[in-house]
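Peer 1: turn this into a structure:
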Amino acid sequence: MHGGFPAPNSQSVHLRLERRSMSPSIQWRRRRLTLSRVIAVPALFALAPVAESQTPQPFTRFPAVSVSDAKSALAVRDAFLGDMDDLYDKVIALARAIPEDKYDWRPTPEVRTVGNVLIHMAMAWYFVLPAAVGGKMTTDWPDFPEARTKLSAITAKRDVLDQVERAWGYARNEVTAATAAQLTAARPDSTLRTVKLPLPPRMRLTALTAMSWQAGDSHEHRGQLITYARSVGVVPPWSR
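Peer 2: From the prediction side, this is the model:
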């Protein structure tokens, strides 16, 4: 022992002497390489197929928490809308910046393509987001399974963008129109089951938990699109 700690072995002493002999620029390059490896590992896990699902999956750990007064309900709605507006602006700007010939790009065969991710977000905005605030889901399709089948077949960039824009416009109108009474009484889990959107049997959602789910899911897919874009050489417009 050395001062209460194990005595340094010859290998550790050699490594310290080696670092001291390096120039500051070399030391910095080594630190940067180490940092890039630390960042790259979780990024690879983020692209792993295990994280993929064609149906939005809410966290079963979400407590069924709700707001009980009108002022708080409307404050939550407005904060949520502001965050989602910013997210949508970035998602649509990035979607427009990605070339059409990259809309079928995916990092591995098991995960979604660029176009798939955008359509997935549109589906949530047609169904889950309106239900989250006690609003009306789209009636363009009789139920979620049929919408998923029809929308998933869309691959052309122009058509994908059209669905994303329409879905957000629809969802935003429903959120903006949501009253305090709707928000405090909403049971999105019951509403979503009426259109056959598969949810865990014991899942219970209030407006607050459903909005939290939607915000988290949408931000997750924005991050996914940023990673995809960078992978095909596209710099997000807000980062230029």
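Peer 1: hey, let's count contacts and neighbours off CA atoms from now on
Peer 2: Fine.
Peer 1: residues contacting the closest residue in space to Ser218 that isn't next to it in sequence?
Peer 2: Distances taken as CA to CA, 6 or more residues apart in numbering place Met121 nearest to Ser218, at 6.8 Å, with adjacent residues excluded. Met121 is in contact with 164, 218, 221, counting by CA atoms under 8 Å, 6 or more residues apart in numbering.
Peer 1: ok, Arg222 next?
Peer 2: Shown in contact with Arg222 (CA under 8 Å, 6+ apart): 87, 91.
Peer 1: for the host helix or strand of it, the distance to its chain's centre please.
Peer 2: Applying DSSP states H and E as the criterion places Arg222 in helix 207-231. Remark: helix 207-231 is offset 1 Å from the chain centroid, using CA atoms, centre = their mean, to the nearest Å.
Peer 1: buried ones in that helix?
Peer 2: Neighbour-count burial for helix 207-231, with 16 or more other CA atoms under 10 Å as criterion, is recorded at 207-215, 217-219, 221-222, 224-229.
Peer 1: which outside residues touch stretch 232-240?
Peer 2: Stretch 232-240 is contacted from outside by 90, 93-94, 97-98, 102, 226, 229-230, using CA under 8 Å, 6+ apart.
Peer 1: oh sorry, the question was meant for stretch 83-96
Peer 2: By CA under 8 Å, 6+ apart, stretch 83-96 touches 118, 161, 164-165, 168, 215, 218-219, 222, 225-226, 229, 236-238.
Peer 1: now the longest helix seen in the chain: buried residues?
Peer 2: The longest helix of the chain (DSSP state H) is helix 70-97. Neighbour counts over helix 70-97 (16+ other CA under 10 Å) mark 73-74, 76-77, 80-81, 84, 87-88, 90-92, 94-95 as buried.
Peer 1: could you pull up the residues touching the nearest residue to Thr206 once chain neighbours are set aside?
Peer 2: Counting by CA to CA, 6+ apart, Thr206 lies nearest to Arg187, which is 5.2 Å off, once chain neighbours are set aside. Taking CA under 8 Å, 6+ apart, we find Arg187 in contact with 131-132, 134, 204-207.
Peer 1: let's see it at 7 Å
Peer 2: By CA atoms under 7 Å, 6 or more residues apart in numbering, Arg187 lies in contact with 205-207.
Peer 1: what of Val160?
Peer 2: Taking CA under 7 Å, 6+ apart, one finds 115, 119, 154 in contact with Val160.
Peer 1: these, buried ones only, as a ChimeraX selection?
Peer 2: Buried subset of the contacts of Val160, written as a ChimeraX selection, criterion 16+ other CA under 10 Å:
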select :115,119
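Peer 1: wait, which of the contacts of Val160 is closest to Leu192?
Peer 2: Set against Leu192, the nearest of the contacts of Val160 by CA to CA is Ile119 (18.3 Å).
Peer 1: off-centre distance for the helix or strand containing the closest one?
Peer 2: Using DSSP H and E, Ile119 maps to helix 114-126. Its chain's C-alpha centre and that of helix 114-126 lie 11 Å apart, by CA atoms, centre = their mean.
Peer 1: average pLDDT for that helix?
Peer 2: Averaged across helix 114-126, pLDDT comes to 97.
Peer 1: quick one: it to helix 207-231, angle?
Peer 2: Here helix 114-126 points in a direction 160 degrees away from that of helix 207-231 (axes from the mean of the first three to the mean of the last three CA atoms, to 10 degrees).
Peer 1: contacts for the following helix or strand past helix 114-126?
Peer 2: Downstream of helix 114-126, the first helix or strand assigned by DSSP H and E is helix 128-132. With CA under 7 Å, 6+ apart as the test, helix 128-132 has contacts from 136-137, 171, 174-175, 188, 191-192, 207, 210-211, 214.
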